[in-house]
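> Provided below for reference: sequence and predicted model.
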Amino acid sequence: MKKKLCWLSAAILALTLLAGCTQEASQSAGPPRPQDDFYEAINYETMAGWKIPDDMEQVTYFQLNNKDISQKITAELKAAAAQLPDLAPGSDEWNVAALYQTGLDQQRRNQGGFGEIGGLFLAEIDQAASVPELLETTQRFSRNYGFSYLGSFSYETDFADSNRKVLNLKAPDTGLQKETWLAENTESQANVAAYCELLEKLWVQAGNPESTAEQTVAQVTAMMQDIAQVSLNRQDSYNPEKINNPYPLNELPDFLFNGQLTGRQIAEIYGANPEETLNIIDMEASKRLADWLTEENLPLLKNYIKLLFYKDSADYREIAALEINQDYEFQIYGAKPYEFEEQVSRSVQDILAFQCGKLFCDKYFSLATKQEVEALIQEFVAAYAKRLDNLTWMSGSTKEAAKLKLTNLTYQVGCPDEWPQDKYQLELQTPEQGGLYIDNVFRVFKAQIDDNFARKNEPVSRDEWYSAPQEVNAYYLPSANSITILAGILQEPFYSPNASEEEKLGGIGTVIAHELTHAFDNAGAQYDELGNVRNWWTEEDLQGFQELAAKVVAYYDGQEVYGCRVDGNLTVGENIADLGALACVTQIAEEKGLNLQEVYKAFANIWAGKVRPEYLSYLTTTNEHAPYKIRVNAGLSALDAFYAAFGVQEGDGMYQPPENRPAIW
């Protein structure tokens, strides 16, 4: 399974409010000394002028740049919609305009309900006379449209051979994340209660009797929670030792689907060869699902599928369903819903992400930026090789293997040379053609999934992109040994062609070095130079690395920001990447004779932000990134060069005893 280790993964968050987290510290007393709180000192004036907009969970440069990009793409959507009759059917402009216009058509959405495709699926669920029939119906729908209810299959990079693809089985949908279901504090249970209330409302909105809502949802969520409690946690979902469980498709374990969906059926539905390998991502969740697959539970399983489908489709159908979903998100996120037109625009930008990305990049991304950032990456790779040579805890043979990984590392900057949507055919229907929003959405999903299966026997492309270029983000992909710096993040303050060397180094430079370090964090270190899962370490070096990683865990664990405590185990991979990035940036700055104070200020500046308590609570309990303030202050406090640059001494707030300062790369 391909896993992106992202610089920021806010797009996939669902928020939980936990006790102890408070609003950000008051700024009325003036800025602190940099030696006491570097993050607050550097960002004091910026954050004093920021107010969290009602429709945002936080205000940061990530969110502000994302909003600016979204507004620019919205302008392109409106321009395309105005020219729709003159556009070439099936072109990017045609498809985004057709999807946008059908999304805005409230009357047809209210009349169309679940649409032709969704309505047929729900009817087939109701008609299923047995668990095997229900499983087959669900898997055929999953093959065509990608929904993972009782587990779903797709072709992903093989852990053992990164040049080929293998069929993967994803875990069943548990509605909420494991960490949210299992939290025992009052506030997290309020989150669970809000989710149950959401499902009850959607149950009734879909036309089911209100009298059955509470009991139905209670039974379904009990099943979800039971499966969630044995599923992989957030950190283990990155670990190839946990998620690499291959079986021959014609010799599947007895527990899989309780024997009621055979390897031959799977091969027929997904166009696989019965001799192929199937990789089961989450073994324990798959085993627990099997316990529920009994004829006695057939009505429960049907309700489970229908409730998840109601939730997954809510943003694309009747306005009443959309508003129910928005009310839930407001309750959880703390941010007011977008106005209707903006909600539709953002939905289109998510569904047709690369089509919208092309519209954005054609107008706003330059070749000169791409070339300069590529040169920066090459500079950082060379600097990293020097750092590997100078490591005292690693032996020569492991150093050579690590440097080979650097030599083979590839990178992508800005946007694709070949766009993913150019590989398949897609022509959406306009309102004038009778197009319905939800059916158009399903057409997009099917075209994308058909493309995945059509290319399953081709070698893995090293040029493939897994995030749309307009995202304000960057990532390292272990299975390809590659980093990607997206066009969306190549804006101020992360990057500007007119910025000083110090600003570039502390801004986009730390982003690049962070992603490079992911190649050697606790998960990335398990992959070799080709992206294969292979142990390239000596036994002694691996033990030494694990001991150093344990020090990173201990250093971050329990650090607090506004009353929220960091989980050192959950965040260890991202913290290793932050520490490695800062060490590499410091080395380059020192070699060039640059002003380290300005480099560190630029680093702190990109993380300026005000965060709602609900959002901050989630970040410190279920997200693999530490809160922004911790990333700045804890990262810099581990650097000896920072102490010299700012004269930090014992007794200062930023001071850490030398023996407490972790360092790996």
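Thanks, I have it. Residues are numbered from 1 along each chain as shown.

> Run through the helices of the stretch 301-450 of the chain in chain order.
319-333, 340-351, 353-364, 367-390, 396-408, 437-454 (DSSP state H, counting those that start in this stretch).

> One more: the stretch 101-250 of the chain?
Using DSSP H, counting those that start in this stretch, the helices of the stretch 101-250 of the chain run over residues 106-112, 115-127, 131-145, 178-182, 186-205, 213-228, 240-243.

> okay if I get the helices of the stretch 301-450 of the chain as TSV plus mean neighbour count and mean pLDDT?
(Each C-beta comes from the backbone N, C-alpha and C, glycine too.) Formatted as TSV, the helices of the stretch 301-450 of the chain follow (neighbours: other CB atoms under 10 Å; pLDDT from 0 to 100):
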stretch	mean neighbour count	mean pLDDT
helix 319-333	18	92
helix 340-351	19	97
helix 353-364	21	98
helix 367-390	16	97
helix 396-408	16	97
helix 437-454	20	97
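
> I'd like to know which of these is closest to Ser152.
Set against Ser152 and scored by CB to CB, these come closest in helix 437-454, at 9.8 Å.

> Would you mind measuring from the nearest residue to Leu490 once chain neighbours are set aside to Ile73?
In this structure, Leu490 finds its nearest non-sequential neighbour in Thr369, 5.5 Å apart by CB to CB, 6 or more residues apart in numbering. Remark: distance between Thr369 and Ile73 (CB to CB, to the nearest Å) = 18 Å.

> try Ala577
29 Å.

> what's the spacing between the nearest residue to Asn110 once chain neighbours are set aside and Glu45?
Nearest in space to Asn110, with sequence neighbours left out and distances taken as CB to CB, 6+ apart, is Glu318 at 5.0 Å. To Glu45, Glu318 is 46 Å away according to CB to CB.

> Look at those two and report which has more neighbours.
Glu318 (20 against 10; other CB atoms under 10 Å).

> Make sure the more buried one is actually in contact with Leu202.
No: counting by CB atoms under 8 Å, Leu202 is not a contact partner of Glu318; they are 10.7 Å apart.

> how many other residues sit next to Gln425?
Applying other CB under 10 Å, I find that Gln425 has 10 neighbouring residues.

> neighbour count winner among Ala577 and Ile73?
The neighbour count for Ala577 versus Ile73, taken as other CB under 10 Å, is higher for Ala577 (27 against 23).

> Leaving out sequence neighbours, find the closest residue to the more buried one.
Spatial nearest neighbour of Ala577, chain neighbours left out: Thr517 (4.2 Å); criterion: CB to CB, 6+ apart.

> what helix or strand is that neighbour on?
Taking DSSP states H and E as the criterion, Thr517 maps to helix 510-517.

> elements contacting that helix?
Contact analysis of helix 510-517 by 3 or more CB pairs under 8 Å, 6 or more residues apart in numbering; DSSP states H and E lists helix 367-390, strand 474-477, strand 482-486, helix 572-592, helix 596-606 as its packing neighbours.

> Next, format the ones you listed as TSV and append distance to Asp541.
Below are the helices and strands packed on helix 510-517 laid out as TSV (distance: least, CB to CB, whole Å):
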stretch	distance to Asp541
helix 367-390	12
strand 474-477	21
strand 482-486	24
helix 572-592	16
helix 596-606	30
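
> looking at those, which is closest to Glu284?
Using CB to CB, the helices and strands packed on helix 510-517 put helix 572-592 closest to Glu284, at 21.7 Å.

> Specify the angle between the closest one and helix 367-390 in degrees.
Counting by axes from the mean of the first three to the mean of the last three CA atoms, to 10 degrees, helix 572-592 lies at 100 degrees to helix 367-390.

> other SSEs contacting helix 572-592?
Contact partners of helix 572-592 among helices and strands, from 3+ CB pairs under 8 Å, 6+ apart: strand 5-6, helix 367-390, helix 510-517, helix 539-556, helix 596-606, helix 628-637.

> Could you tell me the angle between the longest one and helix 510-517?
Looking back up the chat, that one is helix 367-390. Using the same axes, to 10 degrees: helix 367-390 against helix 510-517 is 50 degrees.

> now helix 367-390, how far from the centre of its chain.
Counting by CA atoms, centre = their mean, to the nearest Å, helix 367-390 is centred 25 Å from the centre of its parent chain.

> and that helix, what does it pack onto?
Checking 3+ CB pairs under 8 Å, 6+ apart, helix 367-390 ends up next to helix 396-408, strand 410-414, strand 482-486, helix 510-517, helix 572-592.

> Can you pull out the low-pLDDT segments for the protein?
Within the chain, the ranges that satisfy pLDDT under 70 run 1-28, 185-187, 618.

> try 50
Within the chain, the segments meeting pLDDT under 50 span 1-20, 25-26.

> List the residues that contact the nearest residue to Thr510 once chain neighbours are set aside.
With sequence-adjacent residues excluded and distances taken as CB to CB, 6+ apart, Thr510 is closest to Ala581, at 4.8 Å. By CB atoms under 8 Å, 6 or more residues apart in numbering, the residues touching Ala581 are Thr510, Val511, Ile512, Ala513, His514, Leu516, Thr517.
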